[in-house]
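**Student:** Curious how this folds, go ahead:
(4 chains)
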2 protein chains.
Amino acid sequence: METTIHDIAKKLNFSASTVSRALNNNPKISEATRKLIKKTADEMGYRPNILAASFRTKRTNTIGVVVPHINRHFFSSVISGIEEVAYKSGFTVTISQSNDNFEKENKITHTLFSNRVDGLIISLGMNTIDFSHLKLFSDKNIPLVFFDRVVDEIKAHKIVVDDFDCGYLATKHLIEQGAKRVAHIGGSLNIKIYKNRQDGYIKAIKESGFEIEESLIVNNSLTREDGTNAAKKLFRNKKLPDAIFCANDTTALSVIIYLRENNIKVPENVLLVGFSNEPFSEVVTPPISTIKQPGFLMGKKAAELIIHQINNKNTKQNFETITMPTELIIRNSSTRN
Amino acid sequence: METTIHDIAKKLNFSASTVSRALNNNPKISEATRKLIKKTADEMGYRPNILAASFRTKRTNTIGVVVPHINRHFFSSVISGIEEVAYKSGFTVTISQSNDNFEKENKITHTLFSNRVDGLIISLGMNTIDFSHLKLFSDKNIPLVFFDRVVDEIKAHKIVVDDFDCGYLATKHLIEQGAKRVAHIGGSLNIKIYKNRQDGYIKAIKESGFEIEESLIVNNSLTREDGTNAAKKLFRNKKLPDAIFCANDTTALSVIIYLRENNIKVPENVLLVGFSNEPFSEVVTPPISTIKQPGFLMGKKAAELIIHQINNKNTKQNFETITMPTELIIRNSSTRN
DNA sequence: CTCAAAACTGCAATCGATTGCACAAATAAA
DNA sequence: TTTATTTGTGCAATCGATTGCAGTTTTGAG
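**Tutor:** Numbers count the residues shown, from 1 in each chain, chains lettered A, B, ... in the order given. The predicted model follows:
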């Protein structure tokens, strides 16, 4: 049915080996035969059986990607970046989402492992505290790159932003704008990035001579609903906050809506900074000041790193943690003029 | 290195065939041996070489997905739905983006074809008017499902929404709210969905006894910038529009911003309806009335259809075009009370 | 107790491409 | 012209799992 290298070989009175080599540009084959073989292959409508090749070479040219949620703007941007680079290097990208569910993450990575992906790029789920499913990869020397939600326990390339610094800068900015009681809506402290953002916040507060007040800090899962609840809680305080640093834009949005409903004005009464620069942040009223993470670039970088590792498996790697630049985008939600 | 079925066979004094069958739950193998073999396989840390199996069976358990842009909310939602269903059925999902570039779409589909995906789910790029790369699949009887941007020329399952009806309803709604001069910002008429939306608009206008005015219709690529330009153009008219039906939310947003800058009030002076229910539409001021497309469900449905086809390749298929329900979400941008 | 049917299991070919090694031919050097 | 290189090709094994067919054992009916 399908043309194979044997068919081509037979037709041309070469051996399959020669055909294979010619098709793969092996320098041992003369220019003339190479051309002839390629031409004939074309005419015969030959298409390589990648499965057979993969099977033989143990290389799938496939990169596995695991993210918590595919349809979050940040993650889909990262994926987009990964895909772009991978495509150019002849790699295929296989995507799965963990839904922040450890069980699923575990299964997914096992599947990817069984499918013999050449490398894995992953941002961990919220509840992942056991890493044996990733050890699988590092143990077998299968390239692994973490981004965003990374983990110290495993040696690998990591692509992050300086969350501590971001938290610090965002909070500092609020204080510079005149805030005296800056609250914080943060994520789970089990996750490094949220811990870091919060620590940055704390540093800025202290540095400015203010006290850390427990009642001004709320930790949750940072969903839309969590944000609303956090806002309710914060504004039940006797002494109200006059600014909030939110660990993501989603909760910042919840706060805006909650405050609007309660006739508290942003930015006049409360200043606000979010995190991630979601598409809506720019266009909501007031536009939300936020930290821009270069998702697309992070994806590209992750892909570059992993492809480099895949192509240089023999040479020893020393793993690097790459901190990508961020930007504090100042919009109306945090400025008073 | 890796344990194979032969290793297991040797250890247990069975043949590889028996091991293979036991592992695949072939009923010809007795319960006792099956259990024994499975247990031993487990103990020996056996993991099947999927590549070998795929090679042999010519089945990859992989579904290829091609979308214009991975990081568009609608598409990432669809992907999310596909992934969810595929995962449950033991399929892996490979994703690529065409960037609305025909060349890339062409290459991608060829790659996917070479990689022997078991099926392909695709939403076409803006400029795709040649379909030979898709014929590749239908010719070889490889299941194919279109969604969103579909095409008549190829027989396959298709998942769409009733764009005509949506356009009609949206426009009708504007007229019911008192609009007398409804403009339309539409996409390329080469693309069926945009053509349909526009036709729906036209029907509503005529049905209400108004005239179609060329000057009230602008067609472009529906980017943010296009929207702004379209708004400029529309409001250069001597007789201004008092409502606009935009073929996507992005341009609706552009219009809002443009009008705000020019002190024209939405909805007081101009009523607005968009399309797609982007995440920002709900939270921008004023919130944008829009048509909600069930992206996640469309993805799930697409995956179900293609998996069904894959698993029933022998039985003859009659292709269906599934119209998913939409919803006109009425928000402030199109209501005057 | 005999024999056919049913239930298990093994043999061996097969999928298509890759690659180490051997060998032949062509070229260069002596 | 002979010998040593270089260059180009072919042989044949191999990757690991699957499966049609055949053979053996067990079961059950008569």
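**Student:** What is the neighbour count of A:Gly167?
**Tutor:** 29 (other C-beta atoms under 10 Å in any protein chain shown). (Glycine included, C-beta is placed from N, CA and C.)
**Student:** Sorry, wrong one. I was asking about A:Asn269.
**Tutor:** Quick note: A:Asn269 (other C-beta under 10 Å) scores 13 neighbours.
**Student:** Would you confirm that it contacts A:Ile244?
**Tutor:** No - using C-beta atoms under 8 Å, A:Asn269 is not in contact with A:Ile244, being 11.3 Å away.
**Student:** of all of the stretch 151-300 of chain A, which residue lies closest to DNA strand D?
**Tutor:** Closest approach between the stretch 151-300 of chain A and DNA strand D, counting by C-beta to the nearest atom of the strand: A:Ala156, at 25.5 Å.
**Student:** What number of residues are in the vicinity of that residue?
**Tutor:** 22.
**Student:** residues contacting it?
**Tutor:** A:Ser138, A:Pro143, A:Leu144, A:Val145, A:Phe146, A:Phe319 (C-beta atoms under 8 Å, 6 or more residues apart in numbering or on different chains).
**Student:** so which of those comes closest to DNA strand C?
**Tutor:** Closest to DNA strand C, out of all of these and judged by C-beta to the nearest atom of the strand, is A:Pro143, at 18.8 Å.
**Student:** quick one, what contacts the closest one?
**Tutor:** A:Asp118, A:Gly119, A:Leu120, A:Phe137, A:Ala156, A:Ile306, A:Gln309, A:Ile310, A:Lys313.
**Student:** What distance do you get for it to A:Ala156?
**Tutor:** A:Pro143 sits 8 Å away from A:Ala156, going by C-beta to C-beta, to the nearest Å.
**Student:** hang on, the earlier thing: filter the contacts of A:Ala156 down to just the buried residues.
**Tutor:** A:Ser138, A:Pro143, A:Leu144, A:Val145, A:Phe146 (16 or more other C-beta atoms under 10 Å in any protein chain shown).
**Student:** Tell me if I'm right that A:Phe102 and A:Asp130 touch.
**Tutor:** Yes - using C-beta under 8 Å, A:Phe102 makes contact with A:Asp130 at a distance of 7.4 Å.
**Student:** so what secondary structure elements neighbour the host helix or strand of A:Asp199?
**Tutor:** If you go by DSSP states H and E, A:Asp199 is part of helix A:192-207. Packing partners of helix A:192-207 (3 or more C-beta pairs under 8 Å, 6 or more residues apart in numbering or on different chains; DSSP states H and E): helix A:163-176, strand A:182-186, strand A:217-219.
**Student:** quick one: contacts of stretch A:307-327?
**Tutor:** A:63, A:85-86, A:89, A:91, A:118-119, A:141, A:143, A:145, A:150, A:155-162, A:165-166, A:291-294, A:297-298, A:301, A:305.
**Student:** which intervals of the stretch 101-250 of chain A have sub-threshold pLDDT?
**Tutor:** Within the stretch 101-250 of chain A, no stretch has pLDDT under 70.
**Student:** who in it is up against DNA strand D?
**Tutor:** For the stretch 101-250 of chain A, no residue is in contact with DNA strand D (C-beta under 7 Å from any atom of the strand).
**Student:** Mind giving me the PyMOL command for buried ones among the contacts of A:Pro143?
**Tutor:** Buried members of the contacts of A:Pro143, identified by 16+ other C-beta under 10 Å, are gathered into one PyMOL selection as follows:
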select buried, chain A and resi 118+119+120+137+156+306+309+310
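**Student:** how about the residues of the stretch 1-150 of chain A near chain B?
**Tutor:** Applying C-beta under 8 Å from any C-beta of the partner chain, we find that the stretch 1-150 of chain A lies next to chain B at A:47-52, A:54-55, A:58, A:60, A:62, A:69-73, A:76-77, A:79-80, A:83-84, A:87, A:92-97, A:104, A:108, A:111-116.
**Student:** Which one's more surrounded, A:Phe102 and A:Asp130?
**Tutor:** Neighbour count, other C-beta under 10 Å: between A:Phe102 and A:Asp130, A:Phe102 has more, with 17 against 12.
**Student:** Apart from its chain neighbours, what residue comes closest to the more buried one?
**Tutor:** Closest residue in space to A:Phe102, ignoring its immediate chain neighbours: A:Asn127 at 4.9 Å, by C-beta to C-beta, 6 or more residues apart in numbering or on different chains.
**Student:** count of neighbours near the one you found?
**Tutor:** Around A:Asn127 there are 15 residues (other C-beta under 10 Å).
**Student:** ok, and of the residues of the stretch 1-150 of chain A next to chain B, which contact DNA strand C?
**Tutor:** A:Pro48, A:Asn49, A:Ala52, A:Phe55.
**Student:** Return the distance of stretch A:60-74 from the chain's centre.
**Tutor:** Taking C-alpha atoms, centre = their mean, to the nearest Å, one finds the center of stretch A:60-74 at 8 Å from the center of the full chain.
**Student:** wait, I meant stretch A:239-247
**Tutor:** Distance, centroid of stretch A:239-247 to centroid of chain: 28 Å (C-alpha atoms, centre = their mean).
**Student:** Can you measure across it, start residue to end residue?
**Tutor:** 22 Å (C-alpha to C-alpha, to the nearest Å).
**Student:** for stretch A:277-287, same thing?
**Tutor:** 10 Å.
**Student:** Just the buried residues of that stretch, please?
**Tutor:** A:Asn277, A:Glu278, A:Pro279, A:Phe280, A:Ser281, A:Glu282, A:Val283, A:Val284, A:Pro286, A:Pro287.
**Student:** So which residues lie in contact with it, not counting its own?
**Tutor:** A:73-74, A:248-250, A:252-253, A:256, A:266-267, A:274, A:288, A:290-293, A:329, A:331-333, B:73, B:253, B:257, B:278-280, B:283-285.
**Student:** can you tell me the average pLDDT over it?
**Tutor:** Stretch A:277-287 comes out with an average pLDDT of 91.
**Student:** what's the burial count for A:Ile329?
**Tutor:** So A:Ile329, with other C-beta under 10 Å, has 17 neighbours.
**Student:** looking at it, it is touching A:Lys292, isn't it?
**Tutor:** Yes - A:Ile329 is in contact with A:Lys292 according to C-beta under 8 Å; the separation is 5.4 Å.
**Student:** Distance-wise, check A:Lys206 relative to A:Ser333.
**Tutor:** 24 Å.
**Student:** for A:Ser188, that is, sorry about that
**Tutor:** 24 Å.
**Student:** and these two? which has more neighbours close in?
**Tutor:** When neighbours are counted by other C-beta under 10 Å, A:Ser188 and A:Ser333 differ, and A:Ser333 comes out ahead with 26 against 15.
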